[in-house]
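> build me a structure from this.
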Amino acid sequence: MSALVAAEPAVRPQPVRSETAAPMPRPASNPGLAALGLFLRNPSGLLGLAILTGLLFAALAGPHLYGVDPFEIVGAPFQPPGGDPVLGTDYLGQDILAALLQGGRATLLVGFSAALLTVVIGVTFGALAGFFGGRVDAALMKVTEFFQVLPTLLFAMVLVTLFGQRIVITTIAIGIVSWPPTARLTRAEFLRLRGLDFVKAARAAGAGPFYLIGRVILPNAAPPIVVSATLAIGTAVLFEGALSFLGLGDPNVMSWGLMIGQNRAYALEAWWTVLLPGAAIFLAVLGVSLVGDAVNDAVNPRLRKRS
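Residues are numbered from 1 along each chain as shown. Okay, here's the model as predicted:
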């Protein structure tokens with residue numbers, strides 16, 4: 001009997017199954033909300049957004065609150081800051097604070113408008129080249145290369161000199177010389193996306209080429225384009241400052257670059273006339289750069305998964 005008992009196989013204990021159901025996988029969160037949350041957790045991005053918000057508020061509301069004409073002579077030339085006017089006067093006796101507030105409007109308007117024009121031209125060329133390929137791609141990229149090899153500042157100076165020193169011409173000139181990098185970025189995204197399954201499915205369902213470009217591929221190619229557009233604002237602000245500094249800005253519209261250009265000969269004697277508008281340009285470019293870096297981190301899928 002003992003031998004028979006010993007021959008019986010040992011019964012292994014069965015694992016105890018939990019009565020609770022396994023948790024259901026959570027649905028994927030909205031990518032836009034995820035990117036927004038990641039941006040709001042980025043301290044440098046919030047700092048840049050605060051800087052830009054402050055500059056925009058000063059440029060939009062400041063002239064109404066202060067109420068001084070930036071071209072009006074309010075006192076003796078080269079009055080230092082700390083008196084009346086509070087930020088001093090320039091070489092003509094014009095109020096520096098009024099010029100800063102009014103000049104911010106023109107500088108930031110040129111920056112945002114030129115960046116928008118850059119994106120429109122660049123996305124149009126890049127999307128058509130990347131989607132159609134072949135001869136269309138070759139022709140459009142030849143045009144892109146032609147504009148890309150030109151000296152950008154020199155080309156903008158030529159355009160402003162030929163068509164007039166007006167703020168609209170300055171904006172168009174900056175947009176025309178700045179779009180090739182955006183076109184190349186858009187083309188690369190379209191080349192990567194056009195062969196994926198969701199594009200093939202939309203094409204098989206009867207979608208036309210321009211529907212595929214605008215409604216299927218472009219929304220998926222948008223994140224790097226948005227980052228590029230954000231950084232283009234800072235580039236446009238610097239371009240406007242450079243053109244105005246060289247005397248090619250609109251002389252009838254106050255801007256930060258015009259302030260520096262008019263007072264550059266007196267920078268050592270009256271430092272505030274050049275330092276204050278230069279600091280405003282620096283803050284604008286810094287704010288745009290911080291926001292652009294934060295947007296890049298927010299729309300990057302790898303960083304989003306890591307966070």
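> for the host helix or strand of Arg135, buried residues please.
Per DSSP states H and E: Arg135 is located in helix 134-149. In terms of neighbour count (16 or more other Cβ atoms under 10 Å), helix 134-149 has its buried residues at Asp137, Leu140, Met141, Thr144, Phe147. In short, each C-beta sits where N, CA and C put it, glycine included.
> likewise stretch 109-120?
Buried, per 16+ other Cβ under 10 Å, within stretch 109-120: Leu109, Val110, Gly111, Phe112, Ser113, Ala114, Ala115, Leu116, Leu117, Thr118, Val119.
> which residues of this protein score low on pLDDT?
Regions of the chain meeting the criterion pLDDT under 70 cover residues 1-32, 301-307.
> dump the residue contacts of the one residue sitting closest to the centre of it.
The geometric centre of the chain, computed from its C-alpha atoms, lies nearest to Thr230 (Cα atoms, centre = their mean), at 0.7 Å. Going by Cβ atoms under 8 Å, 6 or more residues apart in numbering, Thr230 touches Ala115, Val288, Val291, Gly292, Val295.
> tell me the angle the following helix or strand past the helix holding Arg135 makes with helix 134-149.
Where DSSP H and E defines the elements, the next helix or strand beyond helix 134-149 is helix 152-163. Compare the direction of helix 152-163 with that of helix 134-149 by axes from the mean of the first three to the mean of the last three Cα atoms, to 10 degrees and you get 90 degrees.
> picking that back up, how about the buried residues of helix 134-149 in a markdown table, adding distance to Phe239?
Shown next, in a markdown table, are those (distance: Cβ to Cβ, whole Å):
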| residue | distance to Phe239 |
| --- | --- |
| Asp137 | 29 |
| Leu140 | 24 |
| Met141 | 24 |
| Thr144 | 19 |
| Phe147 | 15 |
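> what sits against Val216?
Val216 neighbours (Cβ under 8 Å, 6+ apart): Phe198, Val199, Ala202, Ala207.
> what about the third one, how many residues nearby?
The burial count assigned to Ala202 is 16, neighbours taken as other Cβ atoms under 10 Å.
> could you find the closest non-adjacent residue to it?
Closest residue in space to Ala202, ignoring its immediate chain neighbours: Val216 at 4.9 Å, by Cβ to Cβ, 6 or more residues apart in numbering.
> can you map out the helices along the stretch 51-200 of the chain?
Taking DSSP state H, counting those that start in this stretch to define them, one finds helices in the stretch 51-200 of the chain at 96-132, 134-149, 152-163, 167-178, 180-193, 197-204.
> tell me which of those helices lies nearest to Trp272.
helix 96-132 (6.6 Å; Cβ to Cβ).
> for the closest one, packing partners?
If contacts are counted by 3 or more Cβ pairs under 8 Å, 6 or more residues apart in numbering; DSSP states H and E, helix 96-132 sits against helix 43-66, helix 134-149, helix 167-178, helix 180-193, helix 218-245, helix 256-263, helix 272-299.
> one more pass at 6 Å, please.
Under the contact definition 3 or more Cβ pairs under 6 Å, 6 or more residues apart in numbering; DSSP states H and E, helix 96-132 sits against helix 43-66, helix 134-149, helix 167-178, helix 180-193, helix 218-245, helix 256-263.
> neighbours of Gln262, how many?
23.
> kindly report the same for the one 4 residues further on.
The burial count assigned to Tyr266 is 15, neighbours taken as other Cβ under 10 Å.
> quick one, phi/psi of it?
phi -120, psi 30 (degrees, to the nearest 10).
> which residue is the nearest non-sequential neighbour of it?
Nearest non-adjacent residue to Tyr266 (Cβ to Cβ, 6+ apart): Tyr91, at 5.4 Å.
> take the helix holding Arg135, keep the C-alpha atoms, and write them as PDB.
Extracted in PDB, the C-alpha atoms of helix 134-149 (Å, rounded to 0.1, in the frame of the first residue of the first chain):
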ATOM      1  CA  GLY A 134       8.900  63.500 -59.800                       C
ATOM      2  CA  ARG A 135       9.100  66.500 -62.000                       C
ATOM      3  CA  VAL A 136       7.000  68.700 -59.800                       C
ATOM      4  CA  ASP A 137       9.300  67.900 -56.900                       C
ATOM      5  CA  ALA A 138      12.400  68.600 -59.000                       C
ATOM      6  CA  ALA A 139      11.100  71.900 -60.300                       C
ATOM      7  CA  LEU A 140       9.900  73.300 -57.000                       C
ATOM      8  CA  MET A 141      13.100  72.300 -55.200                       C
ATOM      9  CA  LYS A 142      15.100  74.100 -57.900                       C
ATOM     10  CA  VAL A 143      13.200  77.200 -57.000                       C
ATOM     11  CA  THR A 144      13.700  76.600 -53.300                       C
ATOM     12  CA  GLU A 145      17.400  76.100 -53.800                       C
ATOM     13  CA  PHE A 146      17.600  79.400 -55.800                       C
ATOM     14  CA  PHE A 147      16.100  81.300 -52.900                       C
ATOM     15  CA  GLN A 148      18.100  79.400 -50.300                       C
ATOM     16  CA  VAL A 149      21.500  80.200 -51.800                       C
END
